[in-house]
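Visitor: Whatever this is, show me its structure:
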Amino acid sequence: MRLIFRFSIPVQKGNEAVSDGTLALTLRDLVEKVKPEAAYFHLDDGRRAGTIIFEATDQLQMAEINEPLFAKLDAKIDIQPAISLDELLEKV
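Guide: Numbering: from 1, shown residues only. Sure thing, here's the model as predicted:
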């Protein structure tokens, strides 16, 4: 199942994570773990944020993916399933 994984990090925690290297390490680990189809890093209402699109094969994988962002970055996370236009047209 293809997922859209969006997260945002509070400003203060993000500043601390940049200073101590936690932000780069956590995001690198996330990208290595999910092997995304696409990954974008941007601002969301003035906070550091990201949108990552990847295939998930196991729902239990979500705990492994979410927990480091919660614990290390105090991230707010939103996950939604998605399908491509080709997949949608196959179903019609």
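
Visitor: And the host helix or strand of residue 62, what's buried?
Guide: Following DSSP states H and E, one finds residue 62 within helix 61-73. Residues of helix 61-73 classed as buried: 65, 66, 68, 69, 72, 73 (neighbour count, 16 or more other CB atoms under 10 Å). To be clear about C-beta, it is placed using only N, CA and C from the backbone, and glycine gets the same treatment.

Visitor: do the same with stretch 27-37
Guide: 27, 30, 34, 36.

Visitor: Just to be sure, the last one is in a helix?
Guide: No. With DSSP: H, G, I helix; E, B strand; the rest coil as the criterion, residue 36 is located in coil rather than a helix.

Visitor: quick one, what contacts it?
Guide: The contact partners of residue 36, by CB atoms under 8 Å, 6 or more residues apart in numbering, come to 52, 53, 54.

Visitor: Give me the distance between the nearest residue to it once chain neighbours are set aside and residue 3.
Guide: Of all residues not flanking residue 36 in the chain, residue 54 sits nearest, at 4.3 Å (CB to CB, 6 or more residues apart in numbering). Distance, residue 54 to residue 3, by CB to CB, to the nearest Å: 6 Å.
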